[in-house]
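any chance you can model this:
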Amino acid sequence: MTWSDGKCRCRWANPANPRYIRYHDEEWGAPVHDDRKLFEMLILEGFQAGLSWECVLNKQPAFRRAFDDFDWDKVAAYDDAKLAALYADPGIIRNRRKIAAAVGNAAAFAAIRQEFGSFDAYLWQWTGGKTLVESGPTTSPLSDAISKDLKKRGMKFVGSTIIYAYLQAVGVLYAHEPGCFLEKKCP
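The predicted model follows:
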């Protein structure tokens, strides 16, 4: 499908949503090495479970505000009052299990950073620092292995499908569809 700007994009991008177009064109599939962005995307992918990414993306500014700009140390220290505020925040997805998972995942994220020096080092060691080109599936042996390891480290909402989407979002997997103007062999 050719869009009004003359570019062809992945089928999942919504041509009526400028935020989604910008995300597709500028962020999705670009390698991320900043721990704060890696944490943000991991948490947002968990919130996406059972919903559309577009729904989460549209709420991203509210998530950043509600989760202290994804400062994992602050999130890991949330108390009952902060949790109650999150449960009542209409700007975010107010699923209690996902909110609790985000808090627990922040502590696990911090522990991984302590062990590896950064979450970036942990994540990219799975591919030897290289981006893999892969399009089509929703899970892979790589997402299975990372999911299993993250669960062993205490994380929740990190099943293989969520991790596969995460790997695509942060550029570990490059998956722009055939015909997309961003499709290429490797970034």
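
and the next helix or strand past the biggest helix by length in the chain?
The helix spanning the most residues in the chain, taking DSSP state H as the definition, is helix 96-116. Downstream of helix 96-116, the first helix or strand assigned by DSSP states H and E is helix 119-124.

so for that next one, mean pLDDT?
Averaging pLDDT along helix 119-124 yields 98.

next one: stretch 101-110
For stretch 101-110, mean pLDDT rounds to 98.

which residues does that stretch contact?
Stretch 101-110 has contacts (C-beta atoms under 8 Å, 6 or more residues apart in numbering) with 39, 42-43, 46-47, 67, 72-73, 75-76, 78, 83, 119, 150, 153-158. (C-beta placed from N, C-alpha, C; glycine too.)

state the distance from Val172 to Glu134.
10 Å (C-beta to C-beta, to the nearest Å).

the two - which one has more neighbours?
Val172 (25 against 15; other C-beta atoms under 10 Å).

before we move on, the earlier item: which of the contacts of stretch 101-110 fall in helices?
39, 42-43, 46-47, 72-73, 75-76, 83, 119, 150.

show the buried residues in those.
39, 42-43, 46-47, 72, 75-76, 119, 150 (16 or more other C-beta atoms under 10 Å).

gap between the longest helix of the chain and the chain center?
Remark: helix 96-116 is offset 14 Å from the chain centroid, using C-alpha atoms, centre = their mean, to the nearest Å.

for the buried ones among the ones in helices among the contacts of stretch 101-110, which one is nearest Pro90?
Closest approach to Pro90 among these (C-beta to C-beta): Phe47, at 14.5 Å.

which one of the buried ones among the ones in helices among the contacts of stretch 101-110 sits closest to Trp3?
Phe47 (27.7 Å).

does the closest one touch Asn95 like I think?
Yes. Using C-beta atoms under 8 Å, Phe47 is in contact with Asn95, at 7.3 Å.

could you dump the ones in helices among the contacts of stretch 101-110 into CSV and include distance to Pro141?
Below are the ones in helices among the contacts of stretch 101-110 laid out as CSV (distance: C-beta to C-beta, whole Å):
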residue, distance to Pro141
Phe39, 24
Leu42, 20
Ile43, 24
Gly46, 21
Phe47, 25
Trp72, 28
Asp73, 33
Val75, 30
Ala76, 30
Leu83, 36
Phe119, 21
Leu150, 15
